[in-house]
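*Asks:* Got a sequence here, can you model it:
(one chain, ligands or ions: 1)
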Amino acid sequence: MPAIRLWYSPGACSFAPHVLLNELGLAFEPVRVPIREGALQTEEFGRLNPKRRVPVLALDREVITELPAIATALSLLAPERHLMGRSLIDQARAYEWMNWLSGTVHAQGFGCLWRPQRFSDDASVHDSITAKGPKTIPDYLATIDAKLTAPHAVGDGFTAVDAFLLVFYRWGNVIGIDMPGTYANYARFAGALARRASVLKTLQAEGIRLEGAT
Ligand SMILES: N[C@@H](CCC(=O)N[C@@H](CS)C(=O)NCC(=O)O)C(=O)O
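*Replies:* Next comes the predicted model:
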């Protein structure tokens, strides 16, 4: 087994691979780099990941970024756990979910809301970009809710998609959406996952709550 390190910021999307590492029960070194404290702007972090984002996973000397790639690497460390799906169709579904969550829900929905400067250098249009977030995010959350009719997003077992979906459930709470009152399937799904040992351990390690208080 390689030496594993995970760079994470509390409550960020890095929560998902943090859960996966705890789920697998592998020994790893968690490296806390709080975004709000400027920890991604240091020279040292820039050398590690010039994109200045978390999560970052290191397997020995190999540095891996991008959540779908990190989830794939972790899944391949313990193939018998099928963290990216079991059957051909389930694996395809897992990538379908991961790409949409990463590229659309995260990058576009929450990106507009929290990082309008990524979309335009013209500060005069930032307010209108920010305003787009609260319009698109509920649509994305409704799409997720409609798909969550079973305890797990993919197949009949826990996958990386479940861990990633918890991030957006929490962020919905953070931005003031009444998640349990609006998205019943999603709330049931998140409530059940919140009792999972790996999720409890990760929430505690990051010092956050699923209800999104911090
Ligand atoms: N496409 C990347 C996105 C990673 C990303 O945007 N992470 C956020 C935290 S949720 C980040 O590091 N933000 C740093 C910043 O905005 O300064 C992935 O899927 O891993």
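*Asks:* Show me the strands in this protein, by range?
*Replies:* Taking DSSP state E as the test, the strands found in the chain are 4-8, 29-32, 56-59, 62-65.
*Asks:* Relative to the ligand, which of the ones you listed is closest?
*Replies:* For the ligand, the closest of the strands of the chain is strand 62-65, at 6.1 Å, according to Cβ to the nearest ligand atom. Placement of C-beta: from N, CA and C, glycine included.
*Asks:* Given that closest one, what are its sheet partners and their directions?
*Replies:* Partners of strand 62-65 in the sheet, by DSSP bridges, are strand 56-59 (antiparallel).
*Asks:* Please report the distance of Ser87 from the ligand.
*Replies:* Applying Cβ to the nearest ligand atom, to the nearest Å, the value for Ser87 to the ligand is 25 Å.
*Asks:* typo on my end, Lys201
*Replies:* Plainly put, Lys201 is 20 Å away from the ligand if you go by Cβ to the nearest ligand atom.
*Asks:* Kindly reformat the strands of the chain as JSON lines containing distance to Met98.
*Replies:* Output for the strands of the chain, formatted as JSON lines (distance: least, Cβ to Cβ, whole Å):
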{"stretch": "strand 4-8", "distance to Met98": "17"}
{"stretch": "strand 29-32", "distance to Met98": "22"}
{"stretch": "strand 56-59", "distance to Met98": "15"}
{"stretch": "strand 62-65", "distance to Met98": "14"}
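*Asks:* Can you lay out those as a markdown table showing mean neighbour count?
*Replies:* As requested, the strands of the chain are arranged in a markdown table below (neighbours: other Cβ atoms under 10 Å):
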| stretch | mean neighbour count |
| --- | --- |
| strand 4-8 | 21 |
| strand 29-32 | 14 |
| strand 56-59 | 22 |
| strand 62-65 | 14 |
